[in-house]
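Asks: Just need the structure, nothing else, for what follows:
(one chain, ligands or ions: 2)
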Amino acid sequence: MKPSDLSKIDKFTCCELCGAIHLHTTYSDGGVNYRELIEASRSLKLDYIIVTDHMNLGGLDNGFEGRYGNLSVIVGYEHNDRRNLNHYLAIGCKQVFSKIKKPRDYISAIKNGGGIGFLAHPNEKRHYFGHLPPYPWTDWKVSGYDGIEIWNQMSDWMENLKSWFSIFRLMYPRRFIGTVPPELLQRWDQLNKTHFVSGIGGVDAHTRRIGKKPFSLVVFPIKVELKGIRTHLYLDNPLSNDFCVAKKTIIDSLRDGRGFISNYRRGDAHGTKIFIEYSNGLVALPGKQSCETELPGVIHVSIPESGRISLIHNSIEVEVRYGNKATFPIIKQGVYRIEVHRESKAWIYSNPFPVGKYPIR
Ligand SMILES: [Zn+2]
Ligand SMILES: [Zn+2]
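Replies: Ligands and ions are numbered 1, 2, ... in the order given. The predicted model follows:
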């Protein structure tokens, strides 16, 4: 197949779900309750949300998990260690392992409890606020986690906030969401050379009020928060109407990295198609399954609006196209990803295509 042949994109038949992950409610330090969160999510036509309050499953215990029209609400929680570092998003387990304080132990407890987990805001840096310190991941010797929260909306916004008096940042917070730190992308690519590590985007929605009424401001009202970082998933079939089946499908897809992350502020990425086609005719989505294939191949990209589409090979940008369609010939093994930028800021990050047998060179 010639690299310029775009016909495959039209035959791409997967269903796509778009959701928001890492949301806090009044069960921990969030500013909205479940009813407000669900109403906002439904009005924005999200397909799923994943709530992760700190060290509690209040939403699950009080019956908020389930289906609300087309919206699936899944309740996980955010675990932290004794020093309030190494935050971990646990999704799909039915209990909080509150007594377990070592990252490697809570990673395995959550896995044994039937859940999956993602290292949360691992590269968080905050330079300017003593009372709001960063909460990075520090214990990189651990293993057994399923993925990494590659893009955290709140960390991204806070990192360059120099003062609460940065009025434009407070008034138009989404305008300032930039890109994933390059060192985190490099680490992610490096990890993917030995085993699959999924990537998700997180909102880390807190909907906090700054100052005291009447001179106060909610920087990210919930509807604004939900119009930022989103995680899109490709499914082989439409999502089941049975919530238990739907929940399992969403969790499995997150674990296997079947999709991409977008920032809605740069454009609605719904309808984006990213896949690889191999010489033996097999077509694979981004994520875990793309390994079992035969070179050469072609990565196809189709996006709803024009952008700067780049092919990343082992952390290096090797090709760039401008527009809304692109094909990239793949002739050697490696960890490949697609990134799309608009207005000099990141719009889309695909999950990796690990091409070749582990360990991939
Ligand atoms: Zn956190
Ligand atoms: Zn959080």
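Asks: rest of the way, CA atoms for contacts and neighbours
Replies: Noted.
Asks: and V283, what are its phi and psi?
Replies: phi -120, psi 130 (degrees, to the nearest 10).
Asks: any idea how far the residue lying closest to F196 once chain neighbours are set aside is from P354?
Replies: Leaving aside its sequence neighbours, F196 sits nearest to K288 (C-alpha to C-alpha, 6 or more residues apart in numbering; 5.9 Å). Plainly put, K288 is 7 Å away from P354 if you go by C-alpha to C-alpha, to the nearest Å.
Asks: likewise T249?
Replies: 22 Å.
Asks: swap in H300?
Replies: In terms of C-alpha to C-alpha, H300 sits 15 Å off from P354.
Asks: Tell me which of T249 and P354 has more neighbours.
Replies: Taking neighbours as other C-alpha atoms under 10 Å, T249 and P354 compare with P354 leading, 31 against 17.
Asks: Check which helix or strand the more buried one maps to.
Replies: strand 353-355 (DSSP states H and E).
Asks: elements contacting that strand?
Replies: Strand 353-355 sits against strand 334-342, with contacts defined as 3 or more C-alpha pairs under 8 Å, 6 or more residues apart in numbering; DSSP states H and E.
Asks: hmm, who's touching the next helix-or-strand element following the strand it packs on?
Replies: Using DSSP H and E, the next helix or strand after strand 334-342 towards the C-terminus is strand 345-350. The contact list for strand 345-350, computed with C-alpha atoms under 8 Å, 6 or more residues apart in numbering, reads 177-180, 259-264, 266-267, 269, 274, 286, 337-341.
Asks: what angle separates strand 345-350 from strand 334-342?
Replies: Angle of strand 345-350 versus strand 334-342, following axes from the mean of the first three to the mean of the last three C-alpha atoms, to 10 degrees, is 150 degrees.
Asks: and strand 345-350, which strands flank it?
Replies: strand 259-263 (antiparallel), strand 334-342 (antiparallel) (DSSP bridges).
Asks: Which parts of the last one count as buried, going by neighbours?
Replies: Across strand 334-342, burial judged by 16 or more other C-alpha atoms under 10 Å covers 334-341.
Asks: Now distance to Y27 too, for these, in CSV please.
Replies: Shown next, in CSV, are the buried residues of strand 334-342 (distance: C-alpha to C-alpha, whole Å):
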residue, distance to Y27
G334, 43
V335, 39
Y336, 39
R337, 37
I338, 37
E339, 35
V340, 36
H341, 36
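Asks: would you turn those residues into TSV with pLDDT?
Replies: Below are those laid out as TSV (pLDDT from 0 to 100):
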residue	pLDDT
G334	95
V335	96
Y336	97
R337	98
I338	98
E339	98
V340	98
H341	98
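Asks: what about the stretch 51-200 of the chain, any weak spots by pLDDT?
Replies: Along the stretch 51-200 of the chain, the parts satisfying pLDDT under 70 run over 127-131, 160-172.
Asks: What are the boundaries of the strands in it?
Replies: Per DSSP state E, counting those that start in this stretch, the stretch 51-200 of the chain has strands spanning 66-68, 71-79, 88-91, 116-119, 147-152, 198-202. These are given in chain order.
Asks: and the ones you listed as CSV, adding distance to V318?
Replies: Output for these, formatted as CSV (distance: least, C-alpha to C-alpha, whole Å):
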stretch, distance to V318
strand 66-68, 43
strand 71-79, 37
strand 88-91, 33
strand 116-119, 28
strand 147-152, 21
strand 198-202, 21
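Asks: biggest helix in this protein, by residue count?
Replies: helix 243-255 (DSSP state H).
Asks: mind checking how far that one is from the chain centre?
Replies: 15 Å (C-alpha atoms, centre = their mean, to the nearest Å).
Asks: as a whole number, average confidence for it?
Replies: Mean pLDDT, computed over helix 243-255, is 98.
Asks: of all the strands paired with strand 345-350, which lies closest to C15?
Replies: The closest of those to C15 is strand 259-263. By C-alpha to C-alpha, the value is 10.7 Å.
Asks: Good, we can wrap up now.
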